[in-house]
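Novice: sharing a sequence plus its predicted fold:
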Amino acid sequence: LEPVTVAISIAAVSALSGYLTYSDFFSCRFSECCKEDRPLNVSALKLDLEKKLFGQHLATEVILKALTGFRNNKNSKKPLTLSLHGWAGTGKNFVSQIVAENLYPKGLKSNFVHLFVSTLHFPHEQQIKLYQNQLQKWIRGNVSACGLSVFIFDEMDKLHPGIIDAIKPFLDYYEQVDGISYRKAIFIFLSNAGGDLITKTTLDFWRAGRKREEIQLKDLEPVLSVGVFNNKHSGLWRSGLIDRNLIDYFIPFLPLEYRHVKMCVRAEMQARGVAVDEDIVTRVADEMTFFPKDEKIYSDKGCKTVQSRLDFH
Ligand SMILES: Nc1ncnc2c1ncn2[C@@H]1O[C@H](COP(=O)(O)OP(=O)(O)OP(=O)(O)O)[C@@H](O)[C@H]1O
């Protein structure tokens, strides 16, 4: 059989079985497809988070629930907004990548996933108005092309106050704004703001002899939202997004311990296709620095420099 005949037969069978429409088959085969109505593969996302993300039981649980609920709800009243907080190298970008890959096979490289980095895209304080206009245009254009667009804002703590409020109308409970519905879009904010509050709570649990897995969202989420709202350097200082309850979840990323750093080293070795050597794992983990000064429990940079350190061994 010729490839064309095979393609047509597969398309016809798929269309008949209701799995894909005929035009879907061709458009999705030859260019990337906007997956607005496709259900999320919940077990794949769960497996990814549980296998790949270390030491973040709260983030794993909340992200899984939030995405599943949102994607299964055919009548969502607003876009999904997640605000991820935590110390450097604790997995915020890593999780965004996992989420993106579970929505679109090309992940962060997908045409429907957009990453904004504050210091790169919005560097000058004097140009806030310009950035606000550009941001609105960019989001409007992309959501009109694909409802299930994903927008990731990295370095929120370095974003000049007020910029993010430009997207408030898109995050609100409107059916449409100027003829466009934003209700299927996903907004993810990443920030180091609140990292100190998260560390303090995690440390309190540790000092009280309690397991970190006992920390619940209610121990952190309220402190986090208030802390971020009152922090001039959070990107969400006095933000209407918090005021109007437009952020669905504040998700804490806990500081990583020595054992988590070791897990990151092992994962990196496996990703490089080399056999895991426990001596090297220990040596790389021992090279990292830990805080607080006395107890030395949490890695200063999380797992961030693990990859480059591994190159030396
Ligand atoms: N909790 C984790 N589980 C597994 N790997 C992790 C985790 N945290 C970090 N890593 C590894 O470290 C790398 C750097 O982490 P990542 O970029 O996600 O940190 P971040 O929290 O976004 O930091 P920053 O706030 O500095 O941007 C990731 O690509 C991943 O390989």
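Specialist: Arrived safely. Numbering: from 1, shown residues only.

Novice: C-alpha from now on. contacts and neighbour counts both.
Specialist: Noted.

Novice: care to break this protein down by domain?
Specialist: Under the assignment automatic domain parsing, the domains of the chain span 1-31, 42-253, 258-310.

Novice: redo those as a markdown table? Include mean neighbour count.
Specialist: Shown next, in a markdown table, are the domains of the chain (neighbours: other C-alpha atoms under 10 Å):
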| stretch | mean neighbour count |
| --- | --- |
| domain 1-31 | 13 |
| domain 42-253 | 18 |
| domain 258-310 | 16 |
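
Novice: out of those domains, which gets nearest to the ligand?
Specialist: domain 42-253 (3.2 Å; C-alpha to the nearest ligand atom).

Novice: weakest of the domains of the chain in terms of mean pLDDT?
Specialist: For the domains of the chain, mean pLDDT drops lowest on domain 1-31, to a mean of 52.

Novice: how about I167: what's its closest non-neighbour residue?
Specialist: Nearest residue to I167, sequence neighbours excluded (C-alpha to C-alpha, 6 or more residues apart in numbering): Q136, at 6.3 Å.

Novice: remind me which helix or strand the one you found belongs to.
Specialist: helix 128-145 (DSSP states H and E).

Novice: next SSE after that helix?
Specialist: Immediately after helix 128-145, counting by DSSP H and E, sits strand 150-154.

Novice: CA-only coordinates of that next one, as PDB, when you get a sec.
Specialist: What follows is strand 150-154, C-alpha atoms only, in PDB (Å, rounded to 0.1, in the frame of the first residue of the first chain):
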ATOM      1  CA  VAL A 150      -0.600  28.300  28.200                       C
ATOM      2  CA  PHE A 151       1.200  31.400  29.500                       C
ATOM      3  CA  ILE A 152       4.100  31.000  31.900                       C
ATOM      4  CA  PHE A 153       5.400  34.100  33.600                       C
ATOM      5  CA  ASP A 154       8.900  33.400  35.100                       C
END
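
Novice: just checking, what packs against it?
Specialist: helix 92-103, strand 113-117, strand 186-191 (3 or more C-alpha pairs under 8 Å, 6 or more residues apart in numbering; DSSP states H and E).

Novice: run the angle between the longest one and strand 113-117 for me.
Specialist: When you say that, I think you mean helix 92-103. Relative orientation of helix 92-103 versus strand 113-117 (axes from the mean of the first three to the mean of the last three C-alpha atoms, to 10 degrees): 170 degrees.

Novice: which outside residues touch helix 92-103?
Specialist: Outside helix 92-103, the residues that touch it by C-alpha atoms under 8 Å, 6 or more residues apart in numbering are 35, 40-41, 44-45, 48-49, 53, 84-86, 106-108, 113, 150, 152, 154, 188, 190, 253.

Novice: in the protein, which spans are helices?
Specialist: Taking DSSP state H, the helices of the chain run over residues 3-17, 22-30, 42-52, 57-72, 92-103, 118-121, 128-145, 168-171, 195-207, 217-229, 240-243, 258-271, 278-287, 306-310.

Novice: run through the residues of the protein sitting next to the ligand.
Specialist: The chain comes close to the ligand at residues 52-56, 87-94, 192, 264, 303-304, as judged by C-alpha under 6 Å from any ligand atom.

Novice: could you rerun that using 8 Å?
Specialist: By C-alpha under 8 Å from any ligand atom, the residues of the chain that approach the ligand are 52-56, 86-96, 154-155, 190-192, 253, 256, 260, 263-264, 267-268, 301-307.

Novice: quick check: the residue nearest to I167 touching K168?
Specialist: No: under the criterion of C-alpha atoms under 8 Å, Q136 makes no contact with K168, lying 9.7 Å away.

Novice: V284 against R266, yeah?
Specialist: No: assessed by C-alpha under 8 Å, V284 is found out of contact with R266, at 10.2 Å.

Novice: show me what contacts Y182?
Specialist: Contacts of Y182 (C-alpha under 8 Å, 6+ apart): K78, P79, V143, G147, F170, L171, E175, Q176.

Novice: specify which member of those residues is nearest to L236.
Specialist: Lowest distance from L236 to the contacts of Y182 (C-alpha to C-alpha) belongs to L171, with 14.1 Å.

Novice: surely that closest one touches P79?
Specialist: Yes: judged on C-alpha under 8 Å, L171 makes contact with P79 at a distance of 5.9 Å.

Novice: from memory W237 sits against P161, does it?
Specialist: Yes: shown here, W237 and P161 form a contact pair, counting by C-alpha under 8 Å, at 6.2 Å.
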